[in-house]
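Enquirer: 3D, please:
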Amino acid sequence: MDDAGGDRRPRKIASVRRLLFLASALVGLVTVGLVVDSVPSDAAAGTVPPPARIVWPSASATASNPAPVRANPTVPRNGAIPTRGTAPVQRAWTPNDLRHLPRDRPLRILGCCDSMTPGCTNTDTDQGYWTELGRLLDAAGVRYECSNASIGGQSTVDVVGYIRNVVRAARPDVILINVMTNDAAGAESKARYQRILDDIFATDPNVVVAPTLIEISRVPPAPAWLANSEPANNAAIRDVCLDGNGAPRHPRIVGLGNMSKIPNNTKYVDGGGIHFTPAGQVMAAREWYRTITPWFGLPPIPQDVY
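Expert: Okay, the predicted model is just below:
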């Protein structure tokens with residue numbers, strides 16, 4: 001009996017240990033269940049904000065000019081700071097909002113336009129829309145220098161012929177494009193506009209482009225073919241620059257300006273019915289400024305009232 005009992009005692013001890021292990025595991029499961037059940041139910045109702053999502057730089061970013069990484073993409077660039085349960089609070093702009101600017105030299109701006117935006121074809125860049133654009137950049141504390149690659153009467157045929165050489169020579173940080181006024185509407189003009197952008201980015205992957213829709217010339221004596229072709233050309237520009245959701249097709253397209261919203265009347269368009277008056281030039285400059293504002297973090301300006 002003693003020998004038999006001695007044989008059974010280790011088995012009893014092992015059984016007791018297994019029971020204690022199972023009991024502790026069961027207690028752990030119950031504890032986990034209690035912790036899970038203790039998560040506030042209002043998370044499902046949407047009152048608890050989700051974790052911040054990291055937005056990574058685009059593939060086109062470089063070490064010398066990286067795209068911004070914003071830890072919270074819900075904070076818009078215009079300074080509106082959302083607060084829980086309240087309307088957004090507007091934060092005042094400060095110079096710290098400026099970004100993507102050269103550190104050791106002025107911002108280089110290249111104009112690539114036709115005569116529709118007066119000033120761009122002047123060798124003296126303080127004329128035309130440059131005056132107002134310069135005033136706005138001065139107010140923002142941005143150092144800049146301007147160069148011109150614009151010819152009155154030019155079309156996309158001309159720009160395709162020279163754009164690579166001009167980008168190499170001027171080494172711009174941003175290119176303002178307003179062409180297609182002198183193009184007949186059609187697939188060929190659209191293809192050339194696409195090639196202009198492709199050639200720019202192939203020549204300098206770091207440059208950013210600010211294209212605009214063109215003004216619609218309806219004031220007599222502007223020729224009828226302009227008024228007939230420009231809406232179709234604007235549709236082509238929009239399709240080349242933006243996708244179906246209105247987002248830029250290329251990460252270095254900083255937006256799409258809209259010169260066509262400037263009223264085509266005698267206040268903003270000259271007696272020829274085509275070119276902007278000094279008042280129209282101011283509006284053109286302000287439209288370009290708004291187009292580049294999000295990329296460079298410039299102080300916003302109010303929308304114009306015509």
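
Enquirer: now the stretch 51-200 of the chain, which segments are flagged as low pLDDT?
Expert: Counting by pLDDT under 70, the stretch 51-200 of the chain has low-confidence residues at 51-90, 117-127.

Enquirer: ranges for the helices of it?
Expert: For the stretch 51-200 of the chain, the helices defined by DSSP state H, counting those that start in this stretch cover 129-139, 156-170, 187-203.

Enquirer: mind putting those helices in CSV, mean neighbour count included?
Expert: Where C-beta positions appear, they are placed from N, C-alpha and C, glycine not excepted. Below are the helices of the stretch 51-200 of the chain laid out as CSV (neighbours: other Cβ atoms under 10 Å):
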stretch, mean neighbour count
helix 129-139, 19
helix 156-170, 17
helix 187-203, 17
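
Enquirer: looking at those, which is closest to Pro299?
Expert: Nearest of those to Pro299, taken as Cβ to Cβ: helix 129-139 at 7.3 Å.

Enquirer: For the closest one, name the packing helices and strands.
Expert: Helix 129-139 sits against strand 107-113, strand 144-148, helix 278-296, with contacts defined as 3 or more Cβ pairs under 8 Å, 6 or more residues apart in numbering; DSSP states H and E.

Enquirer: deepest of those, which one?
Expert: With neighbours defined as mean count of other Cβ atoms under 10 Å, the helices and strands packed on helix 129-139 peak in mean count at strand 107-113, which reaches a mean of 24.

Enquirer: list the helices and strands that strand packs on?
Expert: helix 129-139, strand 144-148, helix 156-170, strand 174-178.

Enquirer: Which one of these lies nearest to Thr291?
Expert: strand 174-178 (8.3 Å).

Enquirer: State the distance from Lys190 to Ile237.
Expert: The spacing between Lys190 and Ile237, counted by Cβ to Cβ, to the nearest Å, is 8 Å.

Enquirer: scratch that, Lys261 is what I was asking about
Expert: 14 Å.

Enquirer: who has more neighbours, the two?
Expert: Neighbours per residue, other Cβ atoms under 10 Å: of Lys261 and Ile237, the larger number sits with Ile237, 24 against 14.

Enquirer: Throw the helices and strands packed on strand 107-113 into a markdown table and include distance to Leu256, thanks.
Expert: A markdown table is the format used below for the helices and strands packed on strand 107-113 (distance: least, Cβ to Cβ, whole Å):
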| stretch | distance to Leu256 |
| --- | --- |
| helix 129-139 | 17 |
| strand 144-148 | 21 |
| helix 156-170 | 17 |
| strand 174-178 | 10 |
